[in-house]
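> What shape does this take:
(one chain, ligands or ions: 1)
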Amino acid sequence: MFATMGALGLAPTAEAAAGERRYRAPRAGDFTLTGTAAAEVVVLGGGVAGLATAYELGKAGYRCTVVEARDRTGGRNLTIRGGDTLTDLLGHRQTARFAPGQYMNAGPARMAQWMLTMDYCRELGVPVEVFTNMNADAYIYNESEGMDRPMRYRTAKADMLGYVSELLAKATDSGALDQELTADDRGRLVEFLADYGALGEGFAYTGGSRRGFSVYPGAAGTPGVPYGDLPTASQIFATGVGRYFSFESEFDQAMPMFQPVGGMDAIPRALARAVGGDRIRTGCAVTEVTDKADGVTVTYTRGGRTHVLDADYCVAAMPPNLLAGVRHNLGSAVRSALGGFNPFSAGKIGLEYASRWWESDHRIYGGITETDLDVNQIWHPSHGYHGERGVLMGYYTLDTGADAYAELSPVEREQRAVAAGLRIYGDKYRTELASSFSVHWRQFPYQEAAWHTSLESPDAARYKPLTEPTGRVYFAGDWLSYMDAWQHGAFASARKAVTALHQRVLATRR
Ligand code: PHE
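Here you go, the predicted structure:
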């Protein structure tokens, strides 16, 4: 009966799959039906968008060649393990000294359950586990607002929601909102607020167990010791802790979120395997793209030598800031469209510790501590719980905050990050430190951006020469999607390019 309902469009599965159905990967049968050989496509860039393009086209037997400037594929999807080395554009050279099994995701590190990235994990057999994006027992520490010690996220939230609810309940009850509310609305709103804010007699917020305990409740005789020092409403407002609470409601950041088991680079590795190593040329920097009536010519350099590659079509899946520096004959509209994307900075430092003291001493398993210090955020690892060691993300800085850290030597970055974390977590932040590794994407060769800002939506008229093919050249990348700075955006945009290219090939070869 359910199948019949589905056929009639009455079952929920039909609706849930609607978005997916708009995209149909090209199939081998498409070519055997038309009796023509598959087209040859050169893909510029071996990041997630480029690999996904080659993977999808490969399903139908297209002959793709991926040209990648670096010695590895994956683009910004980068997992650092012991032995990995990196030299940035400022000349800072690092070799990761992480112990076996330890790693940091220096680029993408989380996926929402609705994202296409999850579909590719399923399809490619990449196992996933929960990524804890929000933890009630992680800390908030706004030092510049006068906080002299960190507050648990749950405590800050209980107090903010408590006082806001108290004020709104009192205002509602005293008739201050009678213009906007019916008598029924008033009653329902007050009932909601009393529950939401844990209000007591006279709609007063007086704290309670939601704030947390300094001694946890246990057996009879041990009721626990709730956190003391209940701030006044004015005091909690002054801390600015409330600014972090909208994060967990964002469409792209809401829990539960996920990560591949063992490191985010499992995704590009699986894609590259499916594409085939013989179709990927690493160490090849693209210098010129020439669109012609009957094909595309791509010029690249490898070890100082110049090479030329001819294909029927090209998909340019490089960062727009670097594509802008490639010579081409695609015209001024393409040039000005590429100029509409500006590189944005982000940086991360992985701090490897010899013990997982944040779990044993602070009872924090995964999740993010928010600060107004220059480290911005500190991430607790969402894997390897109770293990011997672990890698904390000691900072996740953005924009000018990232640029300031980038200028420092790796040792100075570590010292500065540790000095900040010490103020929140205490001595072990220094004494247990084993090694560190930091990555700044603006200073990362062949990347030069963590992601891009754009003044207009990807559907703006000026971006048409990129969202639609120009001659025989197609474009793909997260920057051409509504989900820039997410792998989902790279996959979605690759699918769009592949769909358009394939429809054209089928139409012209029939
Ligand atoms: N996707 C990145 C992250 O989750 C960058 C980003 C941050 C994108 C916040 C949107 C919002 O960190």
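> got the residues of the chain near the ligand?
Residues of the chain lying close to the ligand (C-beta under 6 Å from any ligand atom) are 110, 252, 485-486. For every residue, glycine as well, the C-beta is placed using N, CA and C.
> Quick one: low-confidence residue ranges for this protein.
1-21, 33, 35-36, 510 (pLDDT under 70).
> Using the centroid of it, identify the residue furthest from it.
Within the chain, the residue lying farthest from the chain centre (C-alpha atoms, centre = their mean) is residue 221, at 46.5 Å.
> Residue 41 should be in a strand, yeah?
Yes. Counting by DSSP: H, G, I helix; E, B strand; the rest coil, residue 41 is found in a strand.
> what is it paired to in the beta sheet?
residue 64, residue 313 (DSSP bridges).
> Give me the neighbour count for it.
Other residues lying near residue 41 total 25 when counted by other C-beta atoms under 10 Å.
> what do you get for residue 163?
Using other C-beta under 10 Å, residue 163 has 22 other residues around it.
> same question, the one 5 residues further on
By the criterion of other C-beta under 10 Å, residue 168 has 19 neighbours.
> Now whichever strand or helix holds residue 349: buried residues?
Using DSSP states H and E, residue 349 sits within strand 346-353. Residues 346-353 are the ones in strand 346-353 that count as buried (16 or more other C-beta atoms under 10 Å).
> And the contacts of the helix or strand just after that strand?
Sequence order places helix 357-360 as the next helix or strand after strand 346-353, per DSSP H and E. Around helix 357-360, the neighbours that count as contacts under C-beta atoms under 8 Å, 6 or more residues apart in numbering are 364-365, 380, 385-386, 390, 392, 425, 428, 432.
> got it, and stretch 458-465?
With contact meaning C-beta under 8 Å, 6+ apart, stretch 458-465 is reached by 330-331, 333-334, 336-337, 340, 456, 467, 480-482.
> Number of residues surrounding residue 257?
21.
> I figured it hits residue 108, correct?
No. The criterion here is C-beta atoms under 8 Å, and residue 257 misses it with residue 108 at 11.3 Å.
> what's around residue 105, how many residues?
Using other C-beta under 10 Å as the criterion, the residues surrounding residue 105 number 24.
> Name the nearest residue to it, ignoring sequence neighbours.
Closest residue to residue 105 apart from its sequence neighbours, by C-beta to C-beta, 6 or more residues apart in numbering: residue 264 at 4.4 Å.
> Quick check: the gap between the closest residue to residue 223 other than its chain neighbours and residue 135.
Excluding the flanking residues, the one nearest residue 223 by C-beta to C-beta, 6+ apart is residue 217, at 5.9 Å. In this view, residue 217 and residue 135 are 20 Å apart by C-beta to C-beta, to the nearest Å.
> How about the contacts made by residue 354?
388-389, 432-434.
> and what of residue 57?
Residue 57 makes contact with 26, 41, 64, 498, 501-502, according to C-beta under 8 Å, 6+ apart.
> how about a cut-off of 7 Å?
By C-beta atoms under 7 Å, 6 or more residues apart in numbering, the contact set of residue 57 is 26, 41, 64, 498.
> what's the neighbour count on the residue of the stretch 351-500 of the chain found nearest the ligand?
In the stretch 351-500 of the chain, the residue that lies nearest the ligand is residue 485 (3.9 Å; C-beta to the nearest ligand atom). By the measure other C-beta under 10 Å, the count of residues near residue 485 is 20.
> Which strand residues bridge the residue lying closest to it once chain neighbours are set aside?
Sequence neighbours aside, residue 451 is the residue nearest to residue 485 in space, at 3.7 Å (criterion: C-beta to C-beta, 6+ apart). Assessed by DSSP bridges, residue 451 has beta-bridge partners residue 344.
> can you tell me which residues contact residue 451?
Residue 451 neighbours (C-beta under 7 Å, 6+ apart): 344, 478, 484-485.
> State the pair within these that is farthest apart.
Within those, 344 and 478 form the most distant pair, 11.8 Å apart (C-beta to C-beta).
> May I see the buried residues of the longest helix anywhere in the chain?
The longest helix of the chain (DSSP state H) is helix 487-509. By 16+ other C-beta under 10 Å, the buried positions in helix 487-509 come out as 487-499, 501-502, 505-506.
> Equivalent analysis for stretch 172-179, please.
Counting neighbours by 16+ other C-beta under 10 Å, one finds that the buried residues in stretch 172-179 are 172-173.
> next one: stretch 385-398
Neighbour-count burial for stretch 385-398, counted by 16+ other C-beta under 10 Å, picks out 389-397.
> From the chain's centroid, how far away is it?
Centroid separation for stretch 385-398 versus its chain: 16 Å, with C-alpha atoms, centre = their mean, to the nearest Å.
> isn't there a helix covering residue 29?
Yes. Residue 29 sits within a helix when classified using three-state DSSP.
> What count of nearby residues applies to it?
Residue 29, neighbours per other C-beta under 10 Å, totals 10.
> ok, now residue 44?
Residue 44: 27 surrounding residues under other C-beta under 10 Å.
> And whichever residue of the stretch 101-250 of the chain sits closest to the ligand, how far from residue 344?
Proximity of the stretch 101-250 of the chain to the ligand (C-beta to the nearest ligand atom) peaks at residue 110, 5.6 Å away. Note on residue 110: its distance to residue 344, by C-beta to C-beta, is 18 Å.
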